[in-house]
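Q: how does the following fold in three dimensions:
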Amino acid sequence: MALDDDVRILSGVGLFEGFTAEQLRLLAFGAETTNLPAQRKLYREDDVADSAYVVVSGGIVLYREEIGPGVPVGHAGPGAILGELALIADTRRLTSAAAAVDSQVLRLNRKMFRRILEEYSDLAVILHRRIADELQALIRRIEEVGPRFSS
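A: So this is what the prediction gives:
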């Protein structure tokens, strides 16, 4: 895939909203394109995570191994990002992921992402704010459904 195509795909990912064309180009330059045939695993639950993936085409099914083999817990289509926390922190995969159909993903590695944040410190501030807002929204959703699970 051409670099301009990768830039266009990355520009549609919410996490990268506010990135300039130059910043997206740097991110795309360090990205690796992977083609996955249907049913091919992308990663396994509890693996060390050092990268995120953006779904370019097809679809990725997410599932938890501890629930049972092949029990899906989510689906990611074109434009979705998987494992974004791995771009900024040492973490492990919370789910397993496999191609539901023939798919293509862009792998974004942490090392390149951190270099971009170091070079463009304003992006680090934007991402910090975005992540904090998303965390607050998640906490609100948990608090809303929490009473349903009280005895």
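Q: every contact and neighbour count from this point should use C-alpha atoms.
A: Will do.
Q: in this structure, which residue is most central in space?
A: Central residue of the chain (C-alpha atoms, centre = their mean): Leu82, 2.5 Å from the mean position.
Q: please report how far that one lies from Ser11.
A: As judged by C-alpha to C-alpha, to the nearest Å, Leu82 and Ser11 stand 15 Å apart.
Q: what about stretch 29-48, start to end distance?
A: Stretch 29-48 stretches 23 Å from its first residue to its last (C-alpha to C-alpha).
Q: all strands for this structure, in order.
A: Applying DSSP state E to the chain gives strands spanning 32-36, 41-43, 48-49, 51-57, 60-63, 72-76, 81-82, 91-92, 96-99, 103-109.
Q: would you indicate which residues of the fifth one are buried?
A: Buried residues in strand 60-63, counting neighbours by 16 or more other C-alpha atoms under 10 Å, are found at 60-63.
Q: any idea which of the residues you listed is the one closest to Ile88?
A: Distances from Ile88 to those, taken as C-alpha to C-alpha, are shortest for Leu62 (21.2 Å).
Q: and the lengthiest helix in the chain, what other elements does it pack with?
A: Using DSSP state H, we find that the single longest helix of the chain is helix 121-145. Helices and strands touching helix 121-145, by 3 or more C-alpha pairs under 8 Å, 6 or more residues apart in numbering; DSSP states H and E, are helix 110-119.
Q: what's next to the helix it packs on, contact-wise?
A: Helix 110-119 is contacted by residues 23, 26-27, 30, 50-52, 86-88, 123-124 when judged by C-alpha atoms under 8 Å, 6 or more residues apart in numbering.
Q: please repeat the previous calculation with a cut-off of 10 Å.
A: Residues from elsewhere that reach helix 110-119 (C-alpha atoms under 10 Å, 6 or more residues apart in numbering): 23-24, 26-31, 49-52, 84-90, 120-121, 123-125, 127.
Q: list the buried ones in it?
A: Going by neighbour count (16+ other C-alpha under 10 Å), the buried part of helix 110-119 is 110, 112-113, 116-117.
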